[in-house]
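**Student:** Structure, please.
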Amino acid sequence: MNNSALVRFAPVVVALVTIPAGVLAGNNPMPLFADAAARDLGGAAMGVIQAANLALPALLLAVPLGAVAVRRYAAAFVLAGGLFLLLAGQLAAQYAGSVPVFGAARTLEGFGAGLLFPAVLTLCWQRRTRLSLAAFAGILVASLIVCVPLTLAVLPDEGIAWRTALTPVPWLVGLALAAAAVVVFLRGRDVTAAPMRAAERTQLLLPLVPAAGFAFLSMIAAGDLWAPGVTIIIAGLALVALTGMAVVGSRDTTTGSPLGTALVMVVVGLLAQPVAGPLAGVSMAERGVDLTTVAVFAAGGASAIAAALASVRLGERAAARSVTIGHLCALAAMAALLLTGADTATGLLAVPLALLGAGLGLALACSLRGARLGSALFGLTLCFPSVLVGHLLCGSLEISRVARIEDRSAALAEGFRMWLVVAGGVALVLAVVIVLVARRRDTRTPDSLSTAFH
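**Tutor:** Got it, this is the predicted structure:
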């Protein structure tokens, strides 16, 4: 492979190892090992859970800051900085001797992970190819679908090994560092985005305000300080706020995109991990999670990547229609899960998961067509808050069922079915909004990513 081919495909390789590492860093398996961890760290079990949960709020806050950073500095160096922070946080968590130190380590890990996503997106955007952006879209969706079942499948059998649960794939960050080093030293002809204006910086930093609120909300939810009904109401209002920001941003000349990237990012965040993660949890309650179960979820991840890459060959009009088709596939997945039930045989879950992955991967890849860098980054800043909102809604619904149904497995399955109805309804509304927003913009101009670069 010659140097030009390495330059072309290096961002795809970076995305393949870096995005999963970032997504895995936001997981919190500590509720399963809270007692053992509390004995080692000398604190209360609830304090350990809240300390471990600090990674996700830190990630939410880091993504907008990372989006501004990659518009001012080289994306490769932002990527390297994020990876070093992530690695430092993971190492510190392994050797933490108290709950405050453990919480600081998890915060550092989450902040480093949050810097990775805008850096990788920028590297893929700079290659002037549909392939790189499609790969980013597919890998992001696949990672969100697979990360929770993978974490559950490799959990240690004994509580004394709880630290290993924090890094289910410990070698992944090392691979990401190696790939980042290749990108730093390979000097290709990157496409340069237009200089960042004050309006764009304001738009990219705007999600920091709701992200801070979501971070606080996640800590409240981890401590079980509010009733499920209160959390559902607040999470619902947060979703409305996210949707409003996405609609306003989609109509803006700075952060808008022809096919509503910001709105599609909200849908991806709401449906990918908040559906696949609780589904894996229900499966674990019923029969445990092993590598066979992970393979079924991996089929959904593979479908996401395949559908995203297949979108490269679509024309502009077909790509515009495919955004809607992708949402319809995701809705079909919700319906299939409702019909089969979350507690059905593992093999039967492959079909709805494949529909979910393919639909979201296709919609996101097509929506990135023609999106300027600011538009893509703005959408990314809304994706992870919607992940948190989805988890809060699903978790609150499941908790409300557990309080009323004695059989915990049946209660979790019932709560998950309620979440599927809610998620499907929200996704349908957002799909209609995306179509309406897209019709307001001129999508008939030739693209081929030419209008996205300067």
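**Student:** I'd like to know which elements the strand or helix carrying residue 395 is packed against.
**Tutor:** Assigned by DSSP states H and E, residue 395 belongs to helix 373-402. Judged by 3 or more C-beta pairs under 8 Å, 6 or more residues apart in numbering; DSSP states H and E, the packing partners of helix 373-402 are helix 55-72, helix 99-125, helix 130-153, helix 198-205, helix 208-222, helix 228-251, helix 261-287, helix 408-440. Every residue, glycine included, has its C-beta placed from N, CA and C.
**Student:** Give me the buried stretch members for stretch 306-320, please.
**Tutor:** Neighbour-count burial for stretch 306-320 flags 306-312, 314, 316, 319-320 (criterion: 16 or more other C-beta atoms under 10 Å).
**Student:** and it, how far apart are its ends?
**Tutor:** Using C-alpha to C-alpha, to the nearest Å, the end-to-end distance of stretch 306-320 comes out at 18 Å.
**Student:** same thing with stretch 168-175?
**Tutor:** End-to-end distance (C-alpha to C-alpha), stretch 168-175: 14 Å.
**Student:** ok now it, how far from the chain's centre?
**Tutor:** 18 Å (C-alpha atoms, centre = their mean, to the nearest Å).
**Student:** What of stretch 322-341?
**Tutor:** Put simply, stretch 322-341 sits 19 Å off its chain's centre (C-alpha atoms, centre = their mean).
**Student:** Also stretch 51-71?
**Tutor:** So, by C-alpha atoms, centre = their mean, the centroid of stretch 51-71 is 12 Å from its chain's centroid.
**Student:** Please apply the same query to stretch 355-363.
**Tutor:** Remark: stretch 355-363 is offset 14 Å from the chain centroid, using C-alpha atoms, centre = their mean.
**Student:** Same question for stretch 10-21.
**Tutor:** 14 Å.
**Student:** Mind listing residues that contact it?
**Tutor:** Residues from elsewhere that reach stretch 10-21 (C-beta atoms under 8 Å, 6 or more residues apart in numbering): 79, 83, 86, 113, 116-117, 120, 123-124, 126-127, 131-132, 135-136, 139-140, 143, 146-147, 169, 172-173, 175-176, 179-180, 182-183, 186, 188.
**Student:** any idea of the mean pLDDT for that stretch?
**Tutor:** Stretch 10-21 carries an average pLDDT of 90.
**Student:** Please apply the same query to stretch 230-249.
**Tutor:** Mean predicted confidence for stretch 230-249 is 83.
**Student:** before we move on, what about stretch 28-44?
**Tutor:** Average pLDDT, stretch 28-44: 82.
**Student:** from now on call the first residue 21
**Tutor:** In the new count, where the first residue is 21, that last one comes out as stretch 48-64.
**Student:** Please put the alpha-carbon coordinates of that stretch into PDB.
**Tutor:** Extracted C-alpha coordinates of stretch 48-64, given in PDB (Å, rounded to 0.1, in the frame of the first residue of the first chain):
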ATOM      1  CA  ASN A  48     -20.700   2.400  34.300                       C
ATOM      2  CA  PRO A  49     -20.700  -1.300  35.400                       C
ATOM      3  CA  MET A  50     -20.200  -0.400  39.100                       C
ATOM      4  CA  PRO A  51     -23.800  -1.100  40.200                       C
ATOM      5  CA  LEU A  52     -22.900  -4.800  39.800                       C
ATOM      6  CA  PHE A  53     -19.700  -4.500  42.000                       C
ATOM      7  CA  ALA A  54     -20.600  -1.600  44.300                       C
ATOM      8  CA  ASP A  55     -20.200  -3.500  47.600                       C
ATOM      9  CA  ALA A  56     -16.800  -5.000  46.600                       C
ATOM     10  CA  ALA A  57     -15.500  -1.700  45.300                       C
ATOM     11  CA  ALA A  58     -16.800   0.100  48.500                       C
ATOM     12  CA  ARG A  59     -14.800  -2.200  50.700                       C
ATOM     13  CA  ASP A  60     -11.600  -1.600  48.600                       C
ATOM     14  CA  LEU A  61     -12.000   2.200  48.400                       C
ATOM     15  CA  GLY A  62     -13.300   2.700  52.000                       C
ATOM     16  CA  GLY A  63     -16.600   4.400  51.100                       C
ATOM     17  CA  ALA A  64     -20.300   3.800  50.700                       C
END
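**Student:** List the buried residues in that stretch.
**Tutor:** Neighbour counts over stretch 48-64 (16+ other C-beta under 10 Å) mark 48-50, 52-54, 56-58, 60-61, 63 as buried.
**Student:** Now tell me what touches it from outside.
**Tutor:** Contacts for stretch 48-64 (C-beta under 8 Å, 6+ apart): 65-69, 71-73, 75-76, 116-119, 122, 171-172, 175, 179-180, 182, 185-186, 242.
**Student:** go on, stretch 230-238?
**Tutor:** In contact with stretch 230-238 (C-beta under 8 Å, 6+ apart) are residues 73, 76-78, 80-81, 83-84, 251, 254-255, 258, 261-262, 265, 401, 405, 408-409, 412.
**Student:** Swap in 7 Å and give it another go.
**Tutor:** Stretch 230-238 is contacted from outside by 73, 76-77, 80-81, 84, 254, 258, 261-262, 405, 408, 412, using C-beta atoms under 7 Å, 6 or more residues apart in numbering.
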